[in-house]
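>>> fold the following.
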Amino acid sequence: MKVTLRKEGNQYHWYHKSFLVHQRFRFGFLTVFDLNRNILQKNNLLVGWQIKPDTVGFLRAEVSDFRQSNLNLSNPQSYFDTLTGDIIHKINSKSKFGFEVHQYLYRHHTTLDKIVLDKLKQFIKFNIARKK
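Predicted coordinates:
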């Protein structure tokens, strides 16, 4: 529960995050519900599979920003903004290599996302992360 104190009235948001691992399968979701306006602002999903002991793949369906109105259940285009695929390989105990692909879907995006959409439509991002 997040409470934001304001002069014009307090705001209340319910956050929920779950992540389940069963053998090689992973499943997770994140939801944010605005209790003042009764709006489901986020409903992100994650599905993953451990390909090898040191390699895992994920597919994420996400809402980029916080919704200002409820999603329309009869319109699947209102469910998610982006699909993201990840492959993460653990090189050793301190290093990982990742490959990520984004696919923008239907909803309106932030200014930065719009620039990327207009210029590239799809883009590929490589990440090299080092643990400290």
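>>> quick one: the strands in the chain, in order.
For the chain, applying DSSP state E gives strands covering 2-4, 11-22, 25-34, 39-52, 55-62, 82-90, 95-104, 122-130.
>>> and the shortest one, how far out from the chain's middle?
Spelled out, it's strand 2-4. In terms of C-alpha atoms, centre = their mean, to the nearest Å, the centre of strand 2-4 is found 22 Å from the chain centre.
>>> so which bits of that strand are buried?
When burial is assessed from 16 or more other C-beta atoms under 10 Å, strand 2-4 yields no buried residues. The way it works is simple: take the backbone N, C-alpha and C, and place the C-beta from them, glycine included.
>>> and that strand, what does it pack onto?
If contacts are counted by 3 or more C-beta pairs under 8 Å, 6 or more residues apart in numbering; DSSP states H and E, strand 2-4 sits against strand 11-22.
>>> just the CA coordinates for the strand it packs on, please, in PDB.
Output in PDB follows, covering the C-alpha atoms of strand 11-22 (Å, rounded to 0.1, in the frame of the first residue of the first chain):
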ATOM      1  CA  GLN A  11      -4.000   9.200  -2.600                       C
ATOM      2  CA  TYR A  12      -4.000   5.500  -2.000                       C
ATOM      3  CA  HIS A  13      -2.500   2.900  -4.300                       C
ATOM      4  CA  TRP A  14      -2.300  -0.900  -3.900                       C
ATOM      5  CA  TYR A  15       0.800  -2.500  -5.300                       C
ATOM      6  CA  HIS A  16       1.200  -6.300  -5.800                       C
ATOM      7  CA  LYS A  17       4.100  -8.200  -7.200                       C
ATOM      8  CA  SER A  18       4.500 -11.900  -7.400                       C
ATOM      9  CA  PHE A  19       7.100 -14.200  -8.900                       C
ATOM     10  CA  LEU A  20       6.800 -18.000  -9.100                       C
ATOM     11  CA  VAL A  21       9.500 -20.500 -10.000                       C
ATOM     12  CA  HIS A  22       8.600 -24.100 -10.600                       C
END
